[in-house]
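S.K.: just a sequence and a predicted model for now, questions to come.
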Amino acid sequence: SPVRREGCLLCTPVLCAKRMRMDDTSKLRHFNLIVCFGIIYLGNFLALGRPQETSIQEDAQYWEMLGKEDIQKTLNAKRYEGAAKNIIFFVGDGMGIATHTMARIYKGQKKHQSGEEESLVWENFPSTGLMKTYNTDRQVSDSAGTATAMFTGVKTRFGMLGLDNRAMYNVCDTGAVERATVQSMADWGAENEKDVGVVTTARITHATPGAMYAHTPMRDWESDSDIPEGSGACEDIASQLIKSFSSGKIKLAFGGGKRAFRTVDNGGNRSGEDLVDKLKEMGGSYVETTGELKLLDYSDKVLGLFSDSHMDWEVDRSQEDSGQPSLAEMTRQAINRLKKSEKGFVLMVEGGRIDHAHHQNKAKMAMEETLGLEKAVETALEMTARDDTLIIVTADHSHAVTISGYPERGNPILGFVKDIENNNFVTDQNGQPQPFTTIGYANGPGFDFHFNRTAGFWNNIENENFMSDSFQQMATFSLPDETHGGEDVSAYAIGPQAHLVNGVHEQSYLAHLVAYAGCLKSDTLGCPVGSASSSDNNQPGHTFMIMSVLFYVARYQ
């Protein structure tokens, strides 16, 4: 059946072949053949092609040409051997491989396509690898331990930030905390005179952003009011962020979580000093809305707190100036500020609410948040150069979510499966077939959304609005919050030293890779040498190109 294919290379030979058929003279045909070669060369050198649509038959010839296209794209991938001036590290919290797949399909279906053939922008990056996500004490990890691994290069215990496993979880032993403290890429960047920023749609004191600057045996100690009696000697995470501003380790932080920085009198939950006032006394800028973010004067220290807790879901976010900025808008303003640094910058950007949606078994919201992260990555690509900026996109962990049931090609990814002929259905109390959701969770609150405990059978969801933002997918058993998944997560990279994202590694490898690529730990890791260059195989063969054009000339004449 005809499909709509995204990609620049596949369409080009078709258009060239059609153009040559339209011309009568051999001179024009020769001229157009040369033009076509130029177009193909240009397309092959573009690492990220512009999407174009074409309808063709998915027969053997289609898949053969698609295979050739992918081979040529891989051969043409440019390899940048020099050091990275800038590093942008994107984290999709909870964005496991299943989430990539369902978000890709959802993106295509929002454009009225089948969806399966769609791609996310980072899936066109030249380098890909897999990362092992376990904590030192847990088979299935949490975001604190995984973020510590990604940003410090040291794996640690479940629930701890910026400490190795010499510290004990939830135990305020200041001596142990001091001994267990490890540096992050924020420290390494600042020591090398790079400006460092942290951006998230979660609370800025939450686990993933917190691992960039904080050291605590308990990730929940976000405010001084969160620290239990007897543990007051340990510093809360919000205070550590302000201290990081003061020391120059952090130059910019955007996210939610205002309540941890403000006193009760100022609408927060702090019992001690107001940290926003303290930042202002240090000469820092503070913003709370999209409008204020747009008017930012790019002072040395910038803090943006756009909500009391986590920021709103992307689909619920007010787009007025009085509302909250998108992740892409925060990323744009962060790069505008950080690129003023002559020595470059280190920026961590987290799509934090993908994780929250999965915990609630709300697959649509998880996919919308993933597409919000994609827009932020696209913004970074537009604003930076490939030869001096390393961009990594990865996840801290996965979720217990699957895509199953043998739905037909193009079936709504948020939709149902009910295949009576092949016995793919669930039954009611009378044994009658009923549909189930294509996306399902191993556990979570979606169980009670769908299961009738009184009858002991699943509710009939045939007429449910599965496109509703509040719709929850089915879960095998009930839990208040769905759990994380323990499988490896994917990582994608483009820019200087991106080729080092290859194979299967411990998650902690990413921090060492960043440090090497950016020459941030030259005393222990050394520095990349040489300048950006193409590999020996980067020049596409004339024979291959001629065969591609002639293939389409023969087929479409």
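M.R.: Alright, I've got the coordinates.
S.K.: list the buried residues in stretch 182-197.
M.R.: Using 16 or more other CB atoms under 10 Å as the test for burial, stretch 182-197 gives 182-190, 192, 194-197. C-beta coordinates here come from the backbone N, C-alpha and C atoms, glycine included.
S.K.: pLDDT averaged over it - what is it?
M.R.: The predicted model gives stretch 182-197 an average pLDDT of 98.
S.K.: how long is that stretch from one end to the other?
M.R.: This stretch, stretch 182-197, spans 19 Å end to end (CA to CA, to the nearest Å).
S.K.: chain center to that stretch: distance?
M.R.: A distance of 21 Å separates the centroid of the chain from that of stretch 182-197, by CA atoms, centre = their mean, to the nearest Å.
S.K.: which of the buried residues of stretch 182-197 sits closest to Arg259?
M.R.: Nearest to Arg259 out of these is Gly197 (CB to CB; 21.9 Å).
S.K.: who does the lengthiest strand in the chain pair up with?
M.R.: Of all the segments of type strand in the chain, defined by DSSP state E, the longest one is strand 195-203. Strand 195-203 has its sheet partners listed here by DSSP bridges as strand 252-256 (parallel), strand 345-351 (parallel).
S.K.: can you list contacts of the next helix or strand after that strand?
M.R.: Going down the chain from strand 195-203, the next helix or strand is helix 207-210, by DSSP states H and E. The contact list for helix 207-210, computed with CB atoms under 8 Å, 6 or more residues apart in numbering, reads 91, 93, 142-144, 147, 161-162, 198-200, 202-203, 216, 219, 222, 237, 253, 255, 348, 350, 352, 396.
S.K.: which PyMOL command selects the buried ones in those residues?
M.R.: Buried subset of those, written as a PyMOL selection, criterion 16+ other CB under 10 Å:
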select buried, resi 91+93+142+143+144+147+161+162+198+199+200+202+203+216+219+222+237+253+255+348+350+352+396
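S.K.: and Ala149, helix, strand or coil?
M.R.: helix (DSSP: H, G, I helix; E, B strand; the rest coil).
S.K.: what is the burial count for it?
M.R.: Neighbour count for Ala149, taken as other CB atoms under 10 Å: 27.
S.K.: dump the residue contacts of it.
M.R.: By CB under 8 Å, 6+ apart, the neighbours of Ala149 are 155-156, 506-508, 510-511.
S.K.: pLDDT value on it, please?
M.R.: 98.
S.K.: and the residue nearest the centre of the chain, its phi and psi?
M.R.: Centroid check for the chain by CA atoms, centre = their mean gives Gly92 as the closest residue, at 3.4 Å. Main-chain dihedrals, Gly92, degrees, to the nearest 10: phi -90, psi 100.
S.K.: list the contacts of it.
M.R.: Going by CB under 8 Å, 6+ apart, Gly92 touches 99, 350-351, 354, 370, 373, 393-395.
S.K.: tabulate those (JSON lines), appending distance to Leu414, pLDDT and secondary structure.
M.R.: Shown next, in JSON lines, are those (distance: CB to CB, whole Å; pLDDT from 0 to 100; DSSP: H, G, I helix; E, B strand; the rest coil):
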{"residue": "Thr99", "distance to Leu414": "13", "pLDDT": "98", "secondary structure": "helix"}
{"residue": "Glu350", "distance to Leu414": "25", "pLDDT": "99", "secondary structure": "strand"}
{"residue": "Gly351", "distance to Leu414": "19", "pLDDT": "98", "secondary structure": "strand"}
{"residue": "Ile354", "distance to Leu414": "16", "pLDDT": "98", "secondary structure": "helix"}
{"residue": "Thr370", "distance to Leu414": "13", "pLDDT": "98", "secondary structure": "helix"}
{"residue": "Leu373", "distance to Leu414": "19", "pLDDT": "98", "secondary structure": "helix"}
{"residue": "Val393", "distance to Leu414": "24", "pLDDT": "99", "secondary structure": "strand"}
{"residue": "Thr394", "distance to Leu414": "25", "pLDDT": "98", "secondary structure": "strand"}
{"residue": "Ala395", "distance to Leu414": "21", "pLDDT": "98", "secondary structure": "strand"}
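S.K.: if we can go back for a sec, tabulate the strands paired with strand 195-203 (a markdown table), appending distance to Asn452.
M.R.: Converted to a markdown table, the strands paired with strand 195-203 look like this (distance: least, CB to CB, whole Å):
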| stretch | distance to Asn452 |
| --- | --- |
| strand 252-256 | 37 |
| strand 345-351 | 35 |
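S.K.: since we're on Glu118, how many residues are nearby?
M.R.: The number of residues packed near Glu118 is 21, by other CB under 10 Å.
S.K.: tell me the secondary structure for it?
M.R.: Recorded secondary structure, Glu118: coil (three-state DSSP).
S.K.: distance-wise, check it relative to Ala491.
M.R.: With distances taken as CB to CB, to the nearest Å, Glu118 is found 20 Å from Ala491.
S.K.: can you check His499 too?
M.R.: From His499 to Ala491 the distance is 12 Å (CB to CB).
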